[in-house]
Structure formats: C-alpha cells, structure tokens
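**Student:** Sequence plus predicted model, see below.
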2 protein chains.
Amino acid sequence: MEASPVPVPPSPEARPRRSGYRRLPVQQRREQLIAVALELFASRPPDEVSLDDVAAAAGASRPLVYRYFAGGKQQLYEAALRTAAQELTSRFTVPLAGTPTEQLAAVLESYFAFVAEHDAGYSALLRGGSVVETQRTSAIVDDVRRAALKRTLRHLGVREAGPRLTLLVRSWIAVVEGASLTWLDEGRVLPVGELRDWLVDQFMAMAAATALHDPQTAQTLTTLLALEGPDAPRAARLREALGG
Amino acid sequence: MEASPVPVPPSPEARPRRSGYRRLPVQQRREQLIAVALELFASRPPDEVSLDDVAAAAGASRPLVYRYFAGGKQQLYEAALRTAAQELTSRFTVPLAGTPTEQLAAVLESYFAFVAEHDAGYSALLRGGSVVETQRTSAIVDDVRRAALKRTLRHLGVREAGPRLTLLVRSWIAVVEGASLTWLDEGRVLPVGELRDWLVDQFMAMAAATALHDPQTAQTLTTLLALEGPDAPRAARLREALGG
C-alpha cells in the first residue's frame, strides 16, 4: 500500500481543470483511490468512511470516484480489500535461512507489520457485522486463509495433508488472527516480539497435541524437531512446562 | 430448542379460524415461531429461509408472523439467535465430578451436540457474510464468547486473568469454534469423541506454550496438572510427542 497519493507532476496536456485536481492516467488514478481508501479504512471502520471522504482525501470529485467505482463505496471497499489481500498473501513468503521456527517467526513479524498498517480496516473485516461485509468479501478473506494454509503446509514439507494436519494448521492460523485482533484491541500493549514467539511456541505445542491423534502430524513434527537442531530448545522448554 | 411446534389442543374459545391455524397464547406463539425458525435455519443458511417459509412451517399466516416480529425476517432471526445463544451459554456448566480435563471433555461434548443441532445456522453465523449479519448479531456472538471465556477461567480457578492467560483461553475458544465448523463442513466424518479429546489436548498444549511467557499461566497449569492425578497421563503423552 502506498502511504500517500502517487506524486505525479501534471503533464502540460493534463493541466488541473480545478484547483486541487490533477489528471492521472486511468490505472494510476484507480490505484491512488484504492491507496487513499485503504489509508482511511485503516484509521476508521469502513462503516464510518464515506465516498466523499475518499474523494476529498484523494483530491478528486465524487463523480470522478464514481467513474472508477460505479458501484460506489461497496465496490471501492472490495477493490481495496482485494489489493490488501494480495499484499498480505505476498508476505507469506518464507525466508530461506534459519530453522523452521525461525522462519515461522520471520513470517509472523511481516504479518504483524501488515496488521499494524491496516489496523481499523483489518479489525472490522475480521470481526464481522460491518455493512460492507458480503459473501464476496468473506470469499476474499477465505482465499487469504487458504493461501496461508497452503504456504504453511509447504513450509512443513507436506504435499498432501490429511484432515487432522489440515485442522491443526487452520486452527493455528485462527489463533494468529485472534491474537492480532486482541493486540489491536488492547492498544498494542503486548510487545510484537513476545506475540511472535508465543505464536511460534503455540505452533509447536498444537502440533504436539495433534501428533497424539495423527501419524502424519507426528511424522511432520519429528522432522521439524530434527531441523531445529540437536537440542530443539523450544521443545525442551515446552516439555518442562508440562512437568517434564 | 423444541423440535416441533408446541402441541397445545385448541381451547373451546380459541377455535381455529382457518384450517391448519391454531390460536396460541402470545408468549407460546412467539416461542413456537422462534423454534420453527431455528429448525429451518439449521437445515438451510439464513439467507435462504424466507418469512413465508417460517409461516408455512409454523402453520401460521405471514401477517401473524409480522404481528410478532414487525421487523420481519431480520427481527425473527435475531430473536432466534438470542434464544440459541442463551441455550448454548447454559451448556457451559461444568459437571462436578472428574479431573479438570474430564470436565472440559464433558462441556465440549455438550457443545458439539449444540453444533450438530443448529448445523447450517451455526455455520452461516460464524462464517460471516450473511445478509442477516449485523452489528447486533455480532454482539450476541461476542457475548457467548465472553461467557465461554468467563466460565473457562472460573473452571481453572482464576479470579483475575492477566492479558496472556486471557489470550490463551480466547485462542482456545477460537480453536473450538474453528474445529466445529470444519467438522460440519466435512460432513461430520471426524468422530466427535476424537475431536473432543483433540481439543482437550490442545488446551493443555496451548497452556504449556503460554506458561513459557506468563507466570500466572504457569501457576494455573501447575495446579491443573496436580489435579489431573499423580501421573497426569495427557501431559506425559504430550511430552513424549515433543521428543521427551
């Protein structure tokens, strides 16, 4: 997401017709309107952002915004959501270096940066009950969850996940989402580094609980522990917490 | 929830005015309409249930349903949701006998029975994107989650939970919700008993992961493990899965 409208100087043939207006190429104007909308949705829930707010913040007229988004605020919201979803999905890329849990920590850090950036919009979207929420917006969110599932399974070296391993990863993703919402709700008082480490420990712990019910997860966890190094310190600390 | 309309024989002064219609006392009629609506919402998503469907299934006219629910389907849906929420909350009661994890298992069993009963309605509600979803319906769902949180903390013997212990219990509740949705999605192929035990193991594992970051959770887990008996077999199996 761009933090500010694209700073393009008006070309001689595209002089502003009214003070404060600038002509931008179609695709650029579209992206600018989406960027401005995302910025507004980040500071206020989508229900409290009007099309006029977006037009004003973009230095554009209401009719101009309608020319790009004939469906009005709903269409603009969905376009903005799609842009944000693409950006979030691109952040799921796992770094090459590090043990599996170090790599997981790096992806989580990038995820929390996204959450911090989109704040109110992220919160309203996942919390539900907004007037802009439709089956289409739910489908976009589900696509992101599916991408996160796929990426995590690939990270674990799993090709065909059975129902129990899938349930484990889906559950962990739900825990990540819930933790990020709680983090925003509570004014970000919990340090991101602690949440990140807590979520990595949760992954290992939840995998262990699932391994008790599923040979595929047990095998995956064994491989993961081996990659963590000879002492797998996170696992050792978990065993200790369990009275070991 | 009643499985069928309340079977009250018409009294002499309340003869059916039209074939198939029965006069019921106000409160009883209201409850009957809600029960019928809940039954319909269980087999089809709320978006696919019309007020006419409810009237037909209740053996009532459309105007009669409107007399009770002037706000139409939305109001009826919210009333039905409130009834279901009350019923679910009442199921959070923990049995007196058993170890903490046995008690947790009993509550989970009761929860899954509720999920099975409300099926499509439960699924649509938690999945989001339905046209009947509003800030009011989200608030009702949040109240149920808050009740589950409170009850679980009380079960753990915690009076004032800090942010980390609260996050743990909230996260586990999210895992329970997610698992129940997956269970419905997949045509209930995973045995309820296995899911129940998996969720109990998840609780213990997630508590252990949180204990690494929070003295209050560490203390609570130590107390719980002591109550599980001298060998705490679930904890021992988790340690083993973690390479212990």
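**Tutor:** Ah, there it is.
**Student:** Check which residues of the host helix or strand of residue A:111 are buried.
**Tutor:** Using DSSP states H and E, residue A:111 sits in helix A:100-127. Within helix A:100-127, the residues that count as buried by 16 or more other Cβ atoms under 10 Å in any protein chain shown are A:100-101, A:103-108, A:111-112, A:114-115, A:117-118, A:120-125, A:127. In this view, the C-beta of every residue, glycine as well, is placed from N, C-alpha and C.
**Student:** Could you list which of those residues also contact chain B?
**Tutor:** Restricting the buried residues of helix A:100-127 to those touching chain B (Cβ under 8 Å from any Cβ of the partner chain) yields residue A:127.
**Student:** May I have the residues that are in contact with the residue nearest the centre of chain A?
**Tutor:** Nearest to the centroid of the C-alpha atoms of chain A, with distances taken as Cα atoms, centre = their mean, sits residue A:88, at 4.2 Å. By Cβ atoms under 8 Å, 6 or more residues apart in numbering or on different chains, the contact set of residue A:88 is A:111, A:114, A:144.
**Student:** Check residue A:73 too.
**Tutor:** A:49-51, A:54, A:132.
**Student:** Which helix or strand contains it?
**Tutor:** helix A:72-90.
**Student:** between that helix and helix A:100-127, how big is the angle?
**Tutor:** Relative orientation of helix A:72-90 versus helix A:100-127 (axes from the mean of the first three to the mean of the last three Cα atoms, to 10 degrees): 170 degrees.
**Student:** Show me which positions of helix A:72-90 end up buried.
**Tutor:** A:73-74, A:76-81, A:83-85, A:88-89.
**Student:** Over to stretch A:227-241?
**Tutor:** For stretch A:227-241, the neighbour count (16+ other Cβ under 10 Å) marks A:228, A:232, A:234-235, A:237-239, A:241 as buried.
**Student:** give me the low-pLDDT residue ranges for chain A?
**Tutor:** A:1-22, A:129 (pLDDT under 70).
**Student:** quick one, helices of it?
**Tutor:** A:26-43, A:51-58, A:62-68, A:72-90, A:100-127, A:135-155, A:163-185, A:192-211, A:215-227, A:233-241 (DSSP state H).
**Student:** for the second one, packing partners?
**Tutor:** In this case it means helix A:51-58. Secondary-structure packing of helix A:51-58 (3 or more Cβ pairs under 8 Å, 6 or more residues apart in numbering or on different chains; DSSP states H and E): helix A:26-43, helix A:62-68, helix A:72-90.
**Student:** For residue B:196, which of the ones you listed is the nearest?
**Tutor:** helix A:72-90 (33.4 Å; Cβ to Cβ).
**Student:** ok and the closest one relative to helix A:135-155, angle-wise?
**Tutor:** Helix A:72-90 and helix A:135-155 are oriented at 0 degrees to each other (the same axes, to 10 degrees).
**Student:** would you put the C-alpha positions of helix A:72-90 in PDB?
**Tutor:** Output in PDB follows, covering the C-alpha atoms of helix A:72-90 (Å, rounded to 0.1, in the frame of the first residue of the first chain):
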ATOM      1  CA  GLY A  72     -19.900   3.200  -5.100                       C
ATOM      2  CA  LYS A  73     -18.400   2.600  -1.700                       C
ATOM      3  CA  GLN A  74     -19.100  -1.100  -1.700                       C
ATOM      4  CA  GLN A  75     -17.100  -1.600  -4.900                       C
ATOM      5  CA  LEU A  76     -14.300   0.600  -3.800                       C
ATOM      6  CA  TYR A  77     -14.200  -1.300  -0.500                       C
ATOM      7  CA  GLU A  78     -14.000  -4.600  -2.300                       C
ATOM      8  CA  ALA A  79     -11.300  -3.400  -4.600                       C
ATOM      9  CA  ALA A  80      -9.300  -2.100  -1.600                       C
ATOM     10  CA  LEU A  81      -9.800  -5.400   0.200                       C
ATOM     11  CA  ARG A  82      -8.500  -7.300  -2.900                       C
ATOM     12  CA  THR A  83      -5.400  -5.100  -3.000                       C
ATOM     13  CA  ALA A  84      -4.700  -5.600   0.700                       C
ATOM     14  CA  ALA A  85      -5.300  -9.400   0.400                       C
ATOM     15  CA  GLN A  86      -2.800  -9.600  -2.400                       C
ATOM     16  CA  GLU A  87      -0.300  -7.700  -0.400                       C
ATOM     17  CA  LEU A  88      -0.800  -9.900   2.600                       C
ATOM     18  CA  THR A  89      -0.500 -13.100   0.600                       C
ATOM     19  CA  SER A  90       2.800 -11.900  -0.900                       C
END
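**Student:** chain center to that helix: distance?
**Tutor:** Here helix A:72-90 is found 11 Å from its chain centre; the criterion is Cα atoms, centre = their mean, to the nearest Å.
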